[in-house]
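Student: Take this sequence and fold it.
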Amino acid sequence: MTIERKLLGTTPVSGEVLPEAVSFGTGDRLSRTSDLTSNIDSKTVTISCFFYADATAGANHYSTYDGTAVRFHIKTSGPYVSVYGKNSSGTVIVYSGWHHVAVNTWNHILVSFDLTDASKRFIYLNDKPAVPSSSAWPTYTNDNIKFTNNNHFVRSTTTSGADGGWHRESNLFLDYTYRDLSVTANRRLFIDADGKPSSTIPSSPILYLPMTDAATAGSNSGTGGDFTVNGVLATAERGP
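Tutor: Numbering: from 1, shown residues only. Prediction:
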C-alpha cells in the first residue's frame, strides 16, 4: 500500500491486490536532460528496483548517458539481468555478469558494491543471492563510475528513447552508499520479508522513484530532482 493510502486510511477490499507500479509501452520512458542535483561520481553504489520480466523483451531500468555512451545501467534482456558501469574515459570498470530472473512475473534486484574492495560486492534477486549464468563480476576495477551526466533515463539508454518492447517497474532507488547485503536488516530497507516493497527506504537518496502510478511516475522522492514523462504511461494492472 502506498504511503498516501496509509495516511488517508483507505481500506482496500479484502484480498484485493493494488497495482502500485507503472507500465511502459514502446517508446515510453522517463528522462532527465540535466544532471541530478548535487550528483557525484562514485566507487560505492546501492541500486534497487522491482520489475516485471518478459521472456524476450529488454529494458534499461535505469541508465545515465553522457551524450556519447551509457556510463552506468541496470538492464534486463529476456530472462537475464546485469549491471555495468564505466569511468570518465569510457572504460568498463564494473560488470556483474548476466543473472537469471523469473519471467512473466515480478522480480526484485538489489545490488551494492564498493570498488575499492573486491569482497564488497553483492547482487540479490528476490531476497536471495543471485545465481549467475556466466562468471560473476568478471570486471571489478578500483575507479569512479561516471554518474555525473546530463542525461538520466528509466527504460531508455539515449534521448531517442530506443528500447524494445514494454516493461513494468516500480520502486527504483539509487544512492552512493555501500551496504553489506548479507545482513538481512540492510535488505529489509528495500524488500520486506514477504517480498514486497519496503516502507523503510533510506532517507535522502539521490534517486527514489516509487512509480506507484502513472500520474506521478516522474516524481523523485530523492534529492536529485524530478524526471519528465515521455510517451503515455499506464498504471500497471499488477504490481509487486
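
Student: Return the residues in contact with residue 106.
Tutor: Residues near residue 106 by CB atoms under 8 Å, 6 or more residues apart in numbering: 50-52, 168, 238-240. Yep, even glycine has a C-beta here, placed from its N, CA and C like the rest.

Student: element containing it?
Tutor: strand 105-114 (DSSP states H and E).

Student: what about the helices in the protein?
Tutor: 3-8, 184-187 (DSSP state H).

Student: which one of those has the lowest average pLDDT?
Tutor: In terms of average pLDDT, helix 3-8 trails the rest of the helices of the chain, at a mean of 40.

Student: Pull up the pairing partners for the strand holding residue 106, direction included.
Tutor: strand 44-53 (antiparallel), strand 121-125 (antiparallel) (DSSP bridges).

Student: Dump it to PDB, restricted to CA.
Tutor: Extracted C-alpha coordinates of strand 105-114, given in PDB (Å, rounded to 0.1, in the frame of the first residue of the first chain):
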ATOM      1  CA  THR A 105       6.300 -12.300 -13.000                       C
ATOM      2  CA  TRP A 106       7.600  -9.600 -10.700                       C
ATOM      3  CA  ASN A 107      11.300  -9.600  -9.600                       C
ATOM      4  CA  HIS A 108      13.400  -7.500  -7.300                       C
ATOM      5  CA  ILE A 109      17.000  -6.800  -7.800                       C
ATOM      6  CA  LEU A 110      19.200  -5.300  -5.100                       C
ATOM      7  CA  VAL A 111      22.900  -4.500  -5.800                       C
ATOM      8  CA  SER A 112      25.600  -3.000  -3.600                       C
ATOM      9  CA  PHE A 113      29.300  -2.700  -4.100                       C
ATOM     10  CA  ASP A 114      32.500  -0.800  -3.200                       C
END
